[in-house]
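> just need the structure, nothing else, for what follows:
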Amino acid sequence: MNTILITGGAGFIGSHVVREFVYKYPEKKIINIDALTYAGNLENLSDIENCNNYQFIKADITNASSIMEIFQKHKPDGIIHLAAESHVDRSITNPLEFVMTNVIGTVNLLNAAKEIWKDNYEGKRFHHVSTDEVYGALGETGFFTEETSYDPHSPYSASKASSDHFVRAYHDTYGLPIVITNCSNNYGPNHFPEKLIPLCIHNILNNKPLPIYGNGKYTRDWLFVIDHAKAIDLVFHKGENGNSYNVGGFNEWQNIDLVKELCKQMDEKLNRSIGTAANLITFIKDRPGHDLRYAIDATKINKELNWSPSVTFEEGLSKTIDWFLENKDWLENVTSGDYQKYYQKQYTK
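Numbers count the residues shown, from 1 in each chain. Predicted structure coming up:
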């Protein structure tokens, strides 16, 4: 593959995938397409924006004609599709926005790939990046496998489940060469501070309450974002055509225990008395349709592609906190909205 197109590459996970590919494959052209909505931040990629094998294009995947023009001009051999609306709370407020981006946007990309490849699929691949939330919720035991039936409970997970089905349908109907990865909760550097871990880091730094839904007993499997980027690289290049791969961190934590661990590490790193940050924990009204537990069985990707997480959760959390403490300007720009001026400054000269 000479040209690889990555959608949503200015977002949290996408920026780490773009960086992984730009540095690892200098002989390939890496094109990043992002609409730069509220979670898209080109500051995430300031270290690679001048690399010879990297190009950024501002475009919205819901605009079919714009996407087709980009595909026809650049003729990508591979697509890694990460562009998505991903925050459950926002999906409850505005479900249609999630349908447009996650469903219609995905179909636009599938149509463009099918058109430019014209049934000549040799050396081509469409990698769709999805979530474990499509599987619904687990009880206190058991794990999601690649054979688990879909049972989405939020507008977000329903929209991602629909996009997964369309990707498989294009494989079954048209023979489009696809792979799908379903990941657990990501955490790490550059994480937009609407999600639990960066929100708590930001609030601890500013002595604000740490909001915890319900009783805090909701359980999630946490995956370090850099490990996820490496998993995407492996599946994109070596995954079996038509297959799905679950990517998990083997790190189950209840929300309340996670926040307490984060508070302890923050107190240590800020030289505060242990317990200072934990005093900020505040329980709030539960989210509608809140899934009790997610847990991924990542045996398949481990056995077939020899992938496994490189860090424990405690180690990854420490690296994440260190990054945020060392990049307070980034955090300030994100929380103030100033990051949205970066595109005008860098790309509209």
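> residue 16 is in contact with residue 229, isn't it?
Yes: using Cβ atoms under 8 Å, residue 16 is in contact with residue 229, at 4.3 Å. For the C-beta atoms, the positions are set from N, CA and C on the backbone; glycine is no exception.
> which of these two has more residues huddled nearby?
Comparing residue 16 with residue 229 by other Cβ atoms under 10 Å, the one with more neighbours is residue 16, at 26 against 21.
> what about the more buried one, distance to residue 171?
Plainly put, residue 16 is 26 Å away from residue 171 if you go by Cβ to Cβ, to the nearest Å.
> list the buried ones in stretch 217-237?
For stretch 217-237, burial by neighbour count (16 or more other Cβ atoms under 10 Å) applies to 218-236.
> tell me which element residue 139 is part of?
Using DSSP states H and E, residue 139 sits in no helix or strand.
> over to residue 274?
Applying DSSP H and E, one finds residue 274 in no helix or strand.
> all helices for the stretch 51-200 of the chain, in order.
Secondary structure of the stretch 51-200 of the chain (DSSP state H, counting those that start in this stretch): helices at 64-74, 88-93, 95-98, 105-117, 155-174, 196-205.
> weakest of those helices by average pLDDT?
When the helices of the stretch 51-200 of the chain are compared by mean pLDDT, helix 88-93 comes last with a mean of 88.
> please compute how far stretch 216-223 lies from its chain's middle.
16 Å (Cα atoms, centre = their mean, to the nearest Å).
> and residue 271, its phi and psi?
phi 60, psi 40 (degrees, to the nearest 10).
> pLDDT at it, what is it?
On the pLDDT scale, residue 271 is placed at 97.
> again, but for the one 4 residues further on
The pLDDT attached to residue 275 in the predicted structure is 96.
> what's the helix or strand for the residue nearest to it when sequence neighbours are not counted?
Distances taken as Cβ to Cβ, 6 or more residues apart in numbering place residue 267 nearest to residue 275, at 7.1 Å, with adjacent residues excluded. For residue 267, the host element (DSSP H and E) is helix 255-269.
> quick check: next helix or strand after that helix?
strand 281-284.
> tell me what the next helix or strand along the chain from that following strand is packed against?
The first helix or strand that comes after strand 281-284 along the chain, using DSSP H and E, is helix 299-305. In terms of contacts (3 or more Cβ pairs under 8 Å, 6 or more residues apart in numbering; DSSP states H and E), helix 299-305 is packed against helix 225-238, strand 244-247.
> so which of those is nearest residue 112?
Residue 112 lies closest to helix 225-238 among these, at 17.9 Å (Cβ to Cβ).
> could you dump the helices of the stretch 51-200 of the chain into TSV and include distance to residue 282 and mean neighbour count?
Converted to TSV, these look like this (distance: least, Cβ to Cβ, whole Å; neighbours: other Cβ atoms under 10 Å):
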stretch	distance to residue 282	mean neighbour count
helix 64-74	43	16
helix 88-93	16	16
helix 95-98	28	17
helix 105-117	36	21
helix 155-174	24	20
helix 196-205	10	21
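> dump the ones you listed into JSON lines; add distance to residue 338 as well.
Output for the helices of the stretch 51-200 of the chain, formatted as JSON lines (distance: least, Cβ to Cβ, whole Å):
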{"stretch": "helix 64-74", "distance to residue 338": "27"}
{"stretch": "helix 88-93", "distance to residue 338": "21"}
{"stretch": "helix 95-98", "distance to residue 338": "24"}
{"stretch": "helix 105-117", "distance to residue 338": "27"}
{"stretch": "helix 155-174", "distance to residue 338": "27"}
{"stretch": "helix 196-205", "distance to residue 338": "15"}
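> closest to residue 130 out of the ones you listed?
Going by Cβ to Cβ, the one of the helices of the stretch 51-200 of the chain nearest residue 130 is helix 155-174, 5.2 Å.
> tell me the angle the closest one makes with helix 105-117.
Interaxial angle of helix 155-174 relative to helix 105-117 (axes from the mean of the first three to the mean of the last three Cα atoms, to 10 degrees): 20 degrees.
> any idea of the pLDDT on residue 54?
The model's pLDDT for residue 54 equals 98.
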